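In: Sequence plus the predicted model coming up.
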Amino acid sequence: MEFTEELKTGLDSVKKEIKEAVKIEIENATSGLITGDMLTQKLDELGLKSGEIKTLTEAVEKQGAKMNEFMSAAKSDKLPTIREYLEKNMAAIKASKESKSKMFLTIPLVRKDVTVNSSITTNGAGYMIPGFEDYPFAPTSLVGAFGNVISLPANHHGIIRYTYQSTNTLNGAMTAEGSSGTASIHAWTSASVTVEKALADEKISYEALTDTVEMEAAVRRLLSLELFDIRETQFYTGTGTAPQVGGLYTKGTTFDYAAWTGITTTQANIFDLCMLLKSEISRQYGAKFIPDTVLMNPTDWLAAQWVKTTEGVYVRNPFASPDGMNIAGMRVITSPKVTANTMMVGDSRYATLYLGDNIEIELGYDTGDFRDDLVTMKARHRFATKISPVDALGWYKVASVTAACTAITTPGA
């Protein structure tokens, strides 16, 4: 760094043995790395006298003013380029050349319009984007099929109890005068579901937690996503046997397409099957259920959108929205958790998710961790699903879409 005459004079008066140290502190001050008060303190610590300190700090202020003037001029858009400046002084340059005399030109700062950085392949410096980029998880879209999400109170004892109607024999009929009627029979049964638990954990070294500040947040996020993925799987295919919750597909009512003798249509496809299942639920239990949701695998959904004529023109079902995400007034939820070539149709109001707690993350020591300087990060989530036998009548499941479509296709058509 080029110093002003005032700074050079001030440095000349400093003792030789500390001159280099003083010079470094002055460069830090003029570069803006330390403040004026900090410079005064550091010069005092180096043993300079008050008069010397005053001389040097005043010189630094002047140096700073010069640098500000320099930087302000560098930012000006009105400065000429070297070419423009030489062209303006061409006559004087020629005269100096002809007379063989010296000419001194004070060339101002040059404005640079474009700067191109060279590629340095071995340069390790650069801007570091904070955080970590994670491996992706499958979408957790099936939670939308549960119309009721209820947080349990603190004193839930890990169990949910309910009562459902187990017998519904309707014997009411038109009866002649004086004749006895036949009694209808109704019975109820008590049932319960258990709040189950999902865990995920990971061991982290002390160095990873302390040397990389983003590490803890990254592991917390990934463990939470892992539990969401577990819950999504349990939503759909949980067996209902502890420690698994009862999944929607497990509890749903089977559509027996092999024994189907009802209405058929020509060239039945998955859209026709959705409408038939909606009609069957409404026909039998329409006083309670209004089917509003279709669950299917993304591949099956895509195959339904790709149907074309022999000329390559897309065939659009008039009962489906243009994007295929609504069929006969029912929203379509796609998820890889739904096995390909299977599907469900039902009333989302009659599938309830109970949250025992939110996802909780704890840090602690496992066996040998303290000795090995490791920390175990553990994530916990407790939840339950409730789909009673009577509510399950509002959900139809299909074990084979292709076989069901064949079953509802008019023979010979």
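Out: Happy to help now that I have it.
In: what mean pLDDT does stretch 300-309 have?
Out: On average, the pLDDT along stretch 300-309 is 92.
In: so the residue lying closest to residue 345 once chain neighbours are set aside is in which element?
Out: Using Cβ to Cβ, 6 or more residues apart in numbering and skipping the chain neighbours, the partner closest in space to residue 345 is residue 277 (4.0 Å). The way it works is simple: take the backbone N, C-alpha and C, and place the C-beta from them, glycine included. In the assignment (DSSP states H and E), residue 277 maps to helix 270-285.
In: so who does the residue nearest to residue 345 touch?
Out: Contact analysis of residue 277 by Cβ atoms under 8 Å, 6 or more residues apart in numbering lists 255, 291, 345, 396, 398.
In: Now the helix holding residue 277: buried residues?
Out: Of the residues in helix 270-285, 270-281, 285 count as buried by neighbour count, 16 or more other Cβ atoms under 10 Å.
In: Now do that helix, average pLDDT.
Out: pLDDT averaged over helix 270-285 gives 96.
In: Next: stretch 204-220.
Out: 84.
In: Just to check, residue 379 is in contact with residue 223?
Out: Yes. Shown here, residue 379 and residue 223 form a contact pair, counting by Cβ atoms under 8 Å, at 3.8 Å.
In: For residue 315, see how far away the residue nearest to residue 345 is.
Out: Using Cβ to Cβ, to the nearest Å, residue 277 is found at 21 Å from residue 315.
In: got the residue ranges for the strands in this structure?
Out: Shown for the chain, the strands assigned by DSSP state E span residues 148-151, 159-169, 185-194, 196-205, 253-254, 293-296, 326-327, 330-334, 343-346, 352-355, 360-364, 374-386, 395-398.
In: Among those strands, show me which one is buried the most.
Out: strand 343-346 (a mean of 27; mean count of other Cβ atoms under 10 Å).
In: related to what we said a few turns ago, and of the contacts of residue 277, the nearest to residue 328?
Out: When those are ranked by distance to residue 328 (Cβ to Cβ), residue 291 comes first, at 8.8 Å.
In: And that closest one, how far from residue 247?
Out: With Cβ to Cβ as the criterion, residue 291 and residue 247 are 19 Å apart.
In: So for those two, which residue has more residues nearby?
Out: Using other Cβ atoms under 10 Å as the criterion, residue 291 and residue 247 rank with residue 291 on top: 25 against 20.
In: Show the contacting residues for the more buried one.
Out: Applying Cβ under 8 Å, 6+ apart, the residues near residue 291 are 277-278, 281-282, 330, 345-347, 394.
In: just residue 194 next, same as before
Out: Residue 194 is in contact with 158-160, 242, 384, counting by Cβ under 8 Å, 6+ apart.
In: how far away is it from residue 164?
Out: Residue 194 is 17 Å from residue 164, by Cβ to Cβ.
In: got the end-to-end distance for stretch 200-216?
Out: Start-to-end span of stretch 200-216 (Cα to Cα, to the nearest Å) is 15 Å.
In: Give me the contact list for that stretch.
Out: Counting by Cβ under 8 Å, 6+ apart, residues outside stretch 200-216 touching it are 130-132, 219, 222-223, 226-227, 230, 366, 369, 373-379.
In: Run the chain-centre distance for it.
Out: Here stretch 200-216 is found 21 Å from its chain centre; the criterion is Cα atoms, centre = their mean, to the nearest Å.
In: Report the residue ranges of every domain in this protein.
Out: Using automatic domain parsing, the domain ranges for the chain come out as 5-74, 82-110, 145-169+185-407.
In: As a check, name the ranges of all helices in the chain.
Out: Taking DSSP state H to define them, one finds helices in the chain at 5-12, 16-30, 36-45, 50-74, 82-88, 90-99, 206-211, 214-237, 248-251, 270-285, 298-305, 369-372, 401-407.
In: of these, which approaches residue 360 most closely?
Out: Closest approach to residue 360 among the helices of the chain (Cβ to Cβ): helix 214-237, 9.9 Å.
In: what angle separates that closest one from strand 360-364?
Out: Between the axes of helix 214-237 and strand 360-364, defined by axes from the mean of the first three to the mean of the last three Cα atoms, to 10 degrees, the angle is 130 degrees.
In: Pull out the buried residues from helix 214-237.
Out: The neighbour-count check on helix 214-237 (16+ other Cβ under 10 Å) flags 215-216, 219-220, 222-237 as buried.
In: Run a quick neighbour tally on residue 286.
Out: Around residue 286 there are 11 residues (other Cβ under 10 Å).
In: The one 3 residues further on now?
Out: Using other Cβ under 10 Å, the number of residues around residue 289 comes to 19.
In: Also residue 57?
Out: 17.
In: Verify the stated contact: it with residue 39.
Out: Yes. Using Cβ under 8 Å, residue 57 makes contact with residue 39 at a distance of 6.2 Å.
In: residues in contact with residue 380?
Out: 197-199, 227, 357, 359-362.
In: Quick check: bridge partners of it?
Out: Listed by DSSP bridges, the beta-bridge partners for residue 380 are residue 199, residue 360.
In: just to revisit the earlier point, which neighbours do residue 379 and residue 223 share?
Out: When contacts are counted by Cβ under 8 Å, 6+ apart, residue 379 and residue 223 have 200-201, 361 as shared neighbours.
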